[in-house]
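[1] A predicted structure for the sequence below; I have some questions about it.
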Amino acid sequence: MSAEPSPRRTVSRRTVLQASLATALTAVAGPARAATPFFKLYLMIPNSQPARMVWGTLAAAQMSRIGIDVVSSFVPFTVIAPRRAGGEGKTHVDGGWDSYLERYYYPSIEPSPYTLFGSTEMPPSGQNFYYVGDKEIDRSLLAVANSLHDSDRLQAYHDFEKRWYDIQPMTILFYPQDVIAVNPKLTGFDATTYNPTFYPQPEHWTIDGAGADGTAAFASWPPPSSLIPMYTISYHESNIFGPAYNRLYEYRSWQDKTLIPALATGHTMSDDGKHWVVALRQGVKWHSGEEFTAADVKFTWDAMLNKAYSSQMQATCSRVFGDPSAYKVTGKYEITVDLPAYSLDFLNTILGALAIMPEHAYKDIKPEALRSHSANTWIGSYTVKTSDGKSFTAHGAVGTGPWIPTGFDPSRKAYGYKRNEAYWKPHTGNVKTFYIVNINGTDAALSALKAGEIDAHDPMYDIGPVVSTIDAGWGKVVTFDSYKWQHICYNLKHPVFGVGTETPLGKSDPSRAAEAAAYIRQAISHAMPRDQIVKEIAGGYGAPGTVPMAWSAPEYDHDLLQPIAYDLDLARKYMEKAGYTY
């Protein structure tokens, strides 16, 4: 993390980005070559991030230069999510999708690519929305997940990266830095947001001059679609539910990404990695006053495995556990697990990324009613009965976390919290009241910071290009390695650029259809001016992309993954390999 004071200027976000796009388009124009469009591609660009809208516009322009008729639209992610989650692989015109833009990451800091790209993780119960079904990728990713030894796992990561680099199932554009402006009076803000394992941690925040009863606010964009952890689709949701819940293991810090016990106190593992005994922390209380026990862990895992709940983690849990018989409560504070095979995802994802839910508070909510319940919407209240005959009025989540929800205020578009004075860890800051505020637009968020209405914001506002407009008197700029990537993703069941059956090469030789689709994706990749995107649109905060692996992660193979050249002539040659003629 670094601080960067900046001189005072008044420039709107829109002005800066319009100038960035104009500069980038001029820089990459190159020689014009007319061509009759070969096929149509519908590109959805989320309208919740101005910079993404700009580089999405640029990406569409570049695709058109190699003969693709791109129909782009700016839509909220609530439009994209149901189109991609149906599980049928339909194209855009049939109610599904062709392509959209996304910032993405793995559910754990140690990369777990099978959860996103494994062939058994398809929607609706899995997160492989893209339908990556490549046998070589599967083989390497299963080796990543099932290798007990670090050296074997590292080799499997590199095998995955090489195969991805060769066939490019997505176009990884760049690795962003997260750039955030905070209240100069705020200390203790030392991590970016990362779903679902890092989120605002105001229990560590101190507001200088606020005394012992500080109030803090954090801007998050866009509004959430759900706030039950097993339904999360992005860090804008874990921003809100994260402070209320805990996981069995957590990360020591953003700087030291080491898993340490949280609701668990430790575990033992057999030599073959299959038999685990997880010891749980005693004396932890839910916000309702009910004691946390192994029954809550079992309830959480049961819910995620139960298809009736429609959790996107259902496929991962099924792959890791097999079925619910894999685990059993062997003591009030102990759960024993016998896995069908060792899986990296058990520690890193199931123990280290998934929040534990309260059996006593949620068990009587029917699966089909949970998404509309106050526990998920944080609108209204509900009564929770405890085993000692008492009642607790909940205004959202019931968790074991450091913050107790006080509900959603529609007039302020704010989610409220009060400090959990019975939290099992000490609060180290002076904040006692906290708000997550939905603010749309970078200019609006920075105006709120300048006015003292918020103290920090999530990285979705992407302030990199406008840091020079932030005065050190009201905003301290901090940067983090995001561990994320920005990409153009494709429906890999699409008949042209997914499976290739409708390409000229695929029609003439069906055995080469997948090869033809890969040529098209490689062509699009070479048509993307990554350096210009980073320099002109991201404000220089980032690095050109290659594969879905964090740039600074130890698993990233810097020797293999050389930058992908921006070369329109080479892009057109790949289109010609797929059978198209200019």
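    Yep, it's here.
[2] and the nearest residue to L186 once chain neighbours are set aside, backbone torsions?
    Spatially, and ignoring its direct neighbours in sequence, L186 is nearest to D455 (5.0 Å; Cβ to Cβ, 6 or more residues apart in numbering). C-beta: built from backbone N, CA, C; applies to glycine. With angles defined as degrees, to the nearest 10, D455 sits at phi -120, psi -10.
[3] Check Y249 too.
    Dihedral angles (degrees, to the nearest 10) for Y249: phi -130, psi 150.
[4] before we move on, the earlier item: who's in contact with the residue nearest to L186?
    182-183, 185-186, 189, 205, 207, 216-218, 449 (Cβ atoms under 8 Å, 6 or more residues apart in numbering).
[5] Show me the shaky parts of this protein.
    Counting by pLDDT under 70, the chain contains low-confidence ranges at 1-35.
[6] quick one, longest helix in it?
    For the chain, the longest helix by residue count, based on DSSP state H, is helix 150-167.
[7] tell me which residues of that one are tucked away?
    Residues of helix 150-167 classed as buried by neighbour count (16 or more other Cβ atoms under 10 Å): 153, 156-161, 163-165, 167.
[8] nearest to K90, of those?
    K90 lies nearest to I167 out of those, by Cβ to Cβ, at 22.7 Å.
[9] Tell me if I'm right that that closest one and G133 touch.
    No: in this structure I167 lies outside contact range of G133 using Cβ atoms under 8 Å: 11.6 Å.
[10] Point me to the helix or strand that includes H487.
    Counting by DSSP states H and E, the element that carries H487 is strand 485-490.
[11] In the protein, which strand is the longest?
    For the chain, the longest strand by residue count, based on DSSP state E, is strand 171-182.
[12] What angle do strand 485-490 and that one make with each other?
    With axes from the mean of the first three to the mean of the last three Cα atoms, to 10 degrees defining the directions, strand 171-182 sits at 140 degrees from strand 485-490.
[13] who does strand 171-182 touch, helix- and strand-wise?
    On a contact count with 3 or more Cβ pairs under 8 Å, 6 or more residues apart in numbering; DSSP states H and E, strand 171-182 meets helix 50-64, helix 442-450, strand 456-457, strand 476-481, strand 485-490, helix 513-526, strand 542-544.
[14] start to end distance for stretch 401-417?
    11 Å (Cα to Cα, to the nearest Å).
[15] buried sites along it?
    Within stretch 401-417, judged by 16+ other Cβ under 10 Å, the buried ones are 401-408, 414-417.
[16] got it, and stretch 334-352?
    Quick answer for stretch 334-352 (16+ other Cβ under 10 Å): 334-337, 339, 342-352.
[17] what residues does the longest helix of the chain touch?
    111, 113, 134, 136-137, 139-141, 143-144, 147, 344, 518, 521-522, 546-549, 555-557, 560-561.
[18] hmm, 6 Å instead?
    Residues from elsewhere that reach helix 150-167, judged by Cβ atoms under 6 Å, 6 or more residues apart in numbering: 136-137, 140-141, 143-144, 147, 518, 547, 555, 557, 560.
[19] nearest to E121, of the residues you listed?
    Closest to E121 out of the contacts of helix 150-167 is L141 (9.6 Å), distances taken as Cβ to Cβ.
[20] Could you verify my assumption that the closest one touches S112?
    No: using Cβ atoms under 6 Å, L141 is not in contact with S112; the gap is 8.9 Å.
[21] Which one's more surrounded, these two?
    Counted by other Cβ atoms under 10 Å, L141 and S112 do not tie: L141 has more neighbours, with 27 against 23.
[22] So the nearest residue to that one once chain neighbours are set aside versus Q312, what's the distance?
    Counting by Cβ to Cβ, 6+ apart, Y114 is the residue found nearest to L141 once chain neighbours are left out, at 4.1 Å. Distance of Y114 to Q312, given as Cβ to Cβ, to the nearest Å: 14 Å.
[23] higher neighbour count, these two?
    Taking other Cβ under 10 Å, Y114 and Q312 do not tie; Y114 has more neighbours (31 against 21).
[24] dump the residue contacts of L305.
    With Cβ under 6 Å, 6+ apart, L305 has these contacts: 317, 324.
[25] now do 8 Å
    By Cβ under 8 Å, 6+ apart, the residues touching L305 are 314, 317-318, 321, 323-324.
[26] Ends of stretch 96-111, what's the gap?
    28 Å.
[27] Ignore what I typed, I meant stretch 503-518.
    End-to-end distance (Cα to Cα), stretch 503-518: 11 Å.
[28] What residues of that stretch count as buried?
    Buried-residue list, stretch 503-518, by 16+ other Cβ under 10 Å: 503-506, 512-518.
[29] can you check stretch 255-267 too?
    257, 259, 261-264, 267.
[30] May I have the secondary structure class of Y574?
    Three-state call for Y574 (DSSP: H, G, I helix; E, B strand; the rest coil): helix.
[31] Kindly tell me how buried the nearest residue to it once chain neighbours are set aside is, as a neighbour count.
    Once flanking residues are discounted, Y574 sits nearest to A523: 3.7 Å by Cβ to Cβ, 6+ apart. Number of residues near A523 (other Cβ under 10 Å) recorded here: 26.
[32] Next: V93.
    10.
[33] Let me see the contact set for it.
    V93 is in contact with Y42, counting by Cβ under 8 Å, 6+ apart.
[34] how much space between it and L248?
    Note on V93: its distance to L248, by Cβ to Cβ, is 44 Å.
[35] tally of neighbours for the nearest residue to L339 once chain neighbours are set aside?
    Excluding its sequence neighbours, the residue lying closest to L339 (Cβ to Cβ, 6+ apart) is K274, at 4.8 Å. Counted with other Cβ under 10 Å, residues neighbouring K274 total 16.
[36] right, and K274 touches S343 too?
    No: judged on Cβ under 8 Å, K274 makes no contact with S343 at a distance of 9.2 Å.
[37] Start and end of stretch 448-457, how far apart?
    Termini of stretch 448-457 sit 10 Å apart (Cα to Cα).
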